[in-house]
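> Provided below for reference: sequence and predicted model.
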Amino acid sequence: MNIINIESLGQTGLEPYLTLRRPVEHLQQGIFVAEGEKVVHRLLASSLLIRSMLLTHDWYSKLETEGLFEKKQFDIFIADKSVLETIVGFNLHQGIMAVAETPKQNSLDSIVQKLNRPYFFVALDGLVHAENVGVVVRNCAGLGVGAILIGKNSSSPYLRRAVRNSMGSVFALPIYHSTNLRDDLLSLKKDYSVKIISAHLTNSSNINSADFGKDICIILGNEGYGISDNIINISDELISIPMENNTDSLNVSSASAIFLYEVQRQRTQLK
């Protein structure tokens, strides 16, 4: 463990913490930033490779007392609160941040083979707002999803805002970044008998009559235009949430919670 006390943010190694508004650059470098007490705690408890931490003296003392640095090997930068307050979003990062490497991509087959049946996947097709992606990931973690497929037109769950809104639950789930979501979904259908269910408003069945007891993948689409036609065309079923008071639809993160809860509810009853 390399502990470095700093008096300014000009120290070599702090660059990722100073580019928090350019998260795409972080993804290109294969890193992400975790911020805030709960998220950093969950990162420390995960198997992900941490490169460094930046935190106040108080946070360092607290984490060291809790034994969270044991058997860890990374740089720890410690600074006064007044220094960290100059970094954008102090109320969010709370003076405790970490930089870690995004996990290496496993094949879809290797992910599937480690899961228990009945399979429960979620796929994101064109979901672009990082905050929504983060909340959906948190919902998935909390409601029993086995793995998440991220379409190439969706935001990465390792963007700063997505990691924060997931509350670090992204560290606990297998994430598969698909270069061709349609082909990967067809592979799940052919090789693993996974039923493709799209959360879709038109020509759809009511969620109250849906059967979620078998191997399934729930597709969630773009915030504005929904799921793309090429995914709709290979779906086995289109399902919607009944709405009242002329409400068109729910925010995708809210809708995901309803869908995932209903899956969990049905499967709990089957046990």
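Arrived safely. Residues are numbered from 1 along each chain as shown.

> from here on, contacts and neighbour counts on C-alpha atoms
Fine.

> may I ask which helix or strand of the chain has the lowest mean pLDDT?
The helix or strand of the chain with the poorest confidence is helix 90-93; it has a mean of 73 (mean pLDDT, DSSP states H and E).

> just list what it packs against, helices and strands only.
Packed against helix 90-93 by the contact rule (3 or more CA pairs under 8 Å, 6 or more residues apart in numbering; DSSP states H and E) you find no helix or strand.

> again, only this time at 10 Å
strand 31-35, helix 37-45, helix 81-84 (3 or more CA pairs under 10 Å, 6 or more residues apart in numbering; DSSP states H and E).

> how far does that helix sit from its chain's centre?
Helix 90-93 sits 20 Å away from the centroid of its parent chain (CA atoms, centre = their mean, to the nearest Å).

> start at 160, not 1
Will do, 160 is the new start, and the previous item becomes helix 249-252.

> now the element after it, going C-ward?
On the C-terminal side of helix 249-252, the closest following helix or strand by DSSP states H and E is strand 255-260.

> you'd agree Ile378 is in a helix?
No: under DSSP: H, G, I helix; E, B strand; the rest coil, Ile378 sits outside any helix and is assigned strand.

> now the helices for the protein?
Counting by DSSP state H, the chain has helices at residues 182-187, 196-204, 216-224, 240-243, 249-252, 267-271, 289-301, 319-324, 340-351, 388-391, 411-429.

> need those helices in JSON lines (columns: distance to Thr361 and mean neighbour count).
What follows is the helices of the chain, written out as JSON lines (distance: least, CA to CA, whole Å; neighbours: other CA atoms under 10 Å):
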{"stretch": "helix 182-187", "distance to Thr361": "34", "mean neighbour count": "16"}
{"stretch": "helix 196-204", "distance to Thr361": "38", "mean neighbour count": "19"}
{"stretch": "helix 216-224", "distance to Thr361": "51", "mean neighbour count": "14"}
{"stretch": "helix 240-243", "distance to Thr361": "49", "mean neighbour count": "17"}
{"stretch": "helix 249-252", "distance to Thr361": "39", "mean neighbour count": "14"}
{"stretch": "helix 267-271", "distance to Thr361": "30", "mean neighbour count": "15"}
{"stretch": "helix 289-301", "distance to Thr361": "22", "mean neighbour count": "24"}
{"stretch": "helix 319-324", "distance to Thr361": "29", "mean neighbour count": "24"}
{"stretch": "helix 340-351", "distance to Thr361": "20", "mean neighbour count": "16"}
{"stretch": "helix 388-391", "distance to Thr361": "11", "mean neighbour count": "14"}
{"stretch": "helix 411-429", "distance to Thr361": "15", "mean neighbour count": "17"}
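
> mind putting the ones you listed in a markdown table, distance to Gly310 included?
Supplementary listing: those in a markdown table, determined by distance: least, CA to CA, whole Å:
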| stretch | distance to Gly310 |
| --- | --- |
| helix 182-187 | 16 |
| helix 196-204 | 24 |
| helix 216-224 | 37 |
| helix 240-243 | 35 |
| helix 249-252 | 28 |
| helix 267-271 | 13 |
| helix 289-301 | 12 |
| helix 319-324 | 15 |
| helix 340-351 | 5 |
| helix 388-391 | 11 |
| helix 411-429 | 15 |
